[in-house]
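Asker: for reference, the sequence and a predicted model appear below.
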Amino acid sequence: MLDVQDLDTRADRLRHRRTHLPELVEIAALEAERRRVDDEVRDARIAVDDLAAEQAKADSDVEAVRARQRRDQERLDTGSVGPKDLERIQAELVSLARRIASLEDTELEVMERQEEAQGRLTGAQERLEAVEHRLADLAAARDAAFAEIDAELVTLEAERGPVAEQVPDDLTALYERLRAAKDGVGAALLRARACGGCQLSVDAAELNTIRAAAPDEVVRCEECQRILVRTAESGL
């Protein structure tokens, strides 16, 4: 019975280790970070795209005014403007020059904002790439640890089979019920008159009862109800 308990305890420790690998904690934290940075990348890309559209519009506006300016200037240069329109076109050219200057200021401001947005996008993309590389390394380490633990569990299960077959079915059923209720420990060694499960000493009256029990009789701790396994170390 103790051999079965020992194998089960070792398996429980492996399963606990499997679910508490340090890589799992870091992976969970990095996955949350990846979601946050991914959102940042998305928002930065939208800002860059919006500013690109704004830049295209600003460029188009400047070009439209310049085209009008060129047409007016060509009319002046060719002398095709009559005295009546000359003053009006000259005034219009002054106005168009002011409009172009204003639009170019807007163009420059948009370009500066676009450069800042692109910088934020590039920085976010670099952070995202770093997170993903770290996640890949951690996933590889996690998978290697899983493979090692799973192989050990397979070995323990193979060892347990022949050992468990030597335990009567009714005792096995009791042991499994106790294991489920007692944090994985269904059987414990009675050593120096103390239960190896709850670590409490067995009182004199109970010791006398245990001493009188047949060697194949199942005895249990009066305090924790675990199966007690008697050996030469029990102090009976």
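Answerer: Thanks, I have it.
Asker: could you give the separation of stretch 198-214 from the chain centroid?
Answerer: Distance, stretch centre to chain centre, for stretch 198-214: 51 Å (Cα atoms, centre = their mean, to the nearest Å).
Asker: pLDDT on that stretch, on average?
Answerer: Averaging pLDDT along stretch 198-214 gives 92.
Asker: endpoint to endpoint, it covers what distance?
Answerer: End-to-end span of stretch 198-214 (Cα to Cα, to the nearest Å): 23 Å.
Asker: what residue is smack in the middle of this protein?
Answerer: The centroid of the chain falls nearest to residue 28 when counting by Cα atoms, centre = their mean (2.3 Å).
Asker: sec struct for it, please.
Answerer: helix (DSSP: H, G, I helix; E, B strand; the rest coil).
Asker: same question for residue 222.
Answerer: Secondary structure, three-state DSSP: residue 222 is coil.
Asker: report pLDDT for it.
Answerer: Looking at residue 222, its pLDDT stands at 91.
Asker: and if you look at residue 236?
Answerer: With respect to pLDDT, residue 236 scores 76.
Asker: and the next element down the chain from the host helix or strand of residue 126?
Answerer: Using DSSP states H and E, residue 126 sits in helix 83-164. Tracing the chain past helix 83-164, the next element assigned as helix or strand by DSSP H and E is helix 169-181.
Asker: that next one vs helix 83-164, what angle?
Answerer: Going by axes from the mean of the first three to the mean of the last three Cα atoms, to 10 degrees, helix 169-181 is angled at 140 degrees with respect to helix 83-164.
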